[in-house]
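Trainee: Prediction below, plus the sequence it came from.
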Amino acid sequence: MDDKYEMIRKDVLWVLQYFGSDAEEKTNPGSKIRNQAKRIAEMVRQLDEAEILINNANLDLVKVVPR
């Protein structure tokens, strides 16, 4: 797998830029930040799970790549 932390960094930047709604933020302060945090945590969880599945199945021709 490519540098996992570089992949996470790039995906976090994407989440921070595009995820959430400013309209929702006006009616529910802090909601955008909470939604972004959930999205980032889920992305890291899925990345870890994919890494485990790929390694356990000896799928050396498969890799996870950033968005």
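Mentor: Looks like it came in fine.
Trainee: Could you check the pLDDT of Glu24?
Mentor: At Glu24, the pLDDT value in this model is 69.
Trainee: Kindly report the same for Glu49.
Mentor: 95.
Trainee: ok, it - contacts?
Mentor: Applying Cβ atoms under 8 Å, 6 or more residues apart in numbering to Glu49 gives no contacts. Just so you know, the C-beta spots here come from the backbone N, C-alpha and C atoms, and that holds for glycine as well.
Trainee: where does it fall, phi/psi-wise?
Mentor: Glu49 adopts backbone torsions of phi -60, psi -40, taken as degrees, to the nearest 10.
Trainee: any idea which residue sits dead centre in the protein?
Mentor: By Cα atoms, centre = their mean, the chain has its centre lying nearest to Met43, at 2.7 Å.
Trainee: any idea how far it lies from Leu61?
Mentor: To Leu61, Met43 is 23 Å away according to Cβ to Cβ, to the nearest Å.
Trainee: Equivalent analysis for Arg9, please.
Mentor: Distance, Arg9 to Leu61, by Cβ to Cβ: 25 Å.
Trainee: For these two, indicate the residue with more neighbours.
Mentor: Arg9 (12 against 6; other Cβ atoms under 10 Å).
Trainee: can you tell me which helix or strand the more buried one belongs to?
Mentor: For Arg9, the host element (DSSP states H and E) is helix 4-18.
Trainee: what mean pLDDT would you report for that helix?
Mentor: Helix 4-18 shows a mean pLDDT of 84.
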